[in-house]
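Novice: my questions are about this predicted structure, shown below with the sequence.
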Amino acid sequence: MNSNNFIKILIAIPIIVFIISCNDDTSPPPPIIPNEEELITTLNYTLISQSGDDTVVLSFQDLDGDGGNAPKVSTGELLRNTSYNGSITLLNEQESPAENITLEIEEEALEHQFFFSSNSDSLSMQYADQDSLGNPIGLLSTLMTKGPDAAKINIILRHEPDKKGLGVSDGDITNAGGETDIEVSFDITIK
């Protein structure tokens, strides 16, 4: 090989590499975020006795998100031997005006489910709403009290749970999977 051809090859290689590296078709596409989660700063669980004589609002509010200041969590007193209709409202109060996340949960009902639990036998909860496939959501519920007691009500919202998992449609979170969007615990007294 003569030195002229060798020099031409040495000059051509960097030019070819430069042209190939500038081709946009070889760069990977940017990642697609299928469903960026909404920020939930506030959960209100409103309980209205079926007789209409008693209303209790249990509220969780964490305006600065995880870390920072501790959340504000209310307590409540429920009447014994009483049935309550419950409804959950979720807000993002970092927006002005506050963004109602409840509407998104309603729209994406197939992808969400609330789970309720308590440490007391004097308290039981049932679902009062369902998605288009007949599986529970939990934005609406029925809560029944028995005798006097001090108890906790735990509420967990799961995103993309396996609603067909064993026990999930009955409110058992064990086989639900998915990701927790919010988890709240309220202290209550049944009087």
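Specialist: On my side now, so go ahead.
Novice: hey, where'd the strands end up in this structure?
Specialist: 42-49, 55-61, 72-73, 76-78, 83-92, 99-100, 112-118, 123-127, 140-145, 149-159, 179-190 (DSSP state E).
Novice: and the first one, what does it pack onto?
Specialist: Read that as strand 42-49. On a contact count with 3 or more C-beta pairs under 8 Å, 6 or more residues apart in numbering; DSSP states H and E, strand 42-49 meets strand 55-61, strand 83-92, strand 149-159, strand 179-190. Placement of C-beta: from N, CA and C, glycine included.
Novice: returning to that earlier point: closest one to Leu133 among the strands of the chain?
Specialist: Closest of the strands of the chain to Leu133 is strand 112-118, at 11.6 Å (criterion: C-beta to C-beta).
Novice: contact partners for the closest residue to Asn175 other than its chain neighbours?
Specialist: The shortest distance from Asn175 to any non-neighbouring residue, by C-beta to C-beta, 6 or more residues apart in numbering, is to Gly165 (3.6 Å). Gly165 makes contact with 175-177, according to C-beta atoms under 8 Å, 6 or more residues apart in numbering.
Novice: need the buried ones from those selected in PyMOL.
Specialist: Buried subset of these, written as a PyMOL selection, criterion 16 or more other C-beta atoms under 10 Å:
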select buried, resi 176
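Novice: and which of the contacts of Gly165 is nearest Gly52?
Specialist: Nearest to Gly52 among those, with distances taken as C-beta to C-beta, is Ala176, at 33.8 Å.
Novice: how much space separates the nearest residue to the closest one once chain neighbours are set aside from Leu123?
Specialist: Leaving aside its sequence neighbours, Ala176 sits nearest to Pro161 (C-beta to C-beta, 6+ apart; 3.9 Å). To Leu123, Pro161 is 23 Å away according to C-beta to C-beta, to the nearest Å.
Novice: repeat for Lys163
Specialist: Applying C-beta to C-beta to Lys163 and Leu123 gives a distance of 24 Å.
Novice: now swap in Phe116 and tell me
Specialist: For Phe116, the distance to Leu123 - C-beta to C-beta - is 9 Å.
Novice: which residues do those two both contact?
Specialist: Ile153.
Novice: any idea how many residues pack against the closest residue to Leu157 other than its chain neighbours?
Specialist: Sequence neighbours aside, Asp181 is the residue nearest to Leu157 in space, at 4.4 Å (criterion: C-beta to C-beta, 6+ apart). When neighbours are defined as other C-beta atoms under 10 Å, Asp181 has 20 of them.
Novice: gap between Asp181 and Ser117?
Specialist: Distance from Asp181 to Ser117, by C-beta to C-beta: 16 Å.
Novice: circling back: now the strands of the chain in CSV, with mean pLDDT and distance to Asp170?
Specialist: Output for the strands of the chain, formatted as CSV (pLDDT from 0 to 100; distance: least, C-beta to C-beta, whole Å):
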stretch, mean pLDDT, distance to Asp170
strand 42-49, 98, 20
strand 55-61, 98, 23
strand 72-73, 96, 27
strand 76-78, 97, 23
strand 83-92, 98, 17
strand 99-100, 96, 29
strand 112-118, 98, 10
strand 123-127, 97, 9
strand 140-145, 98, 13
strand 149-159, 97, 14
strand 179-190, 97, 19
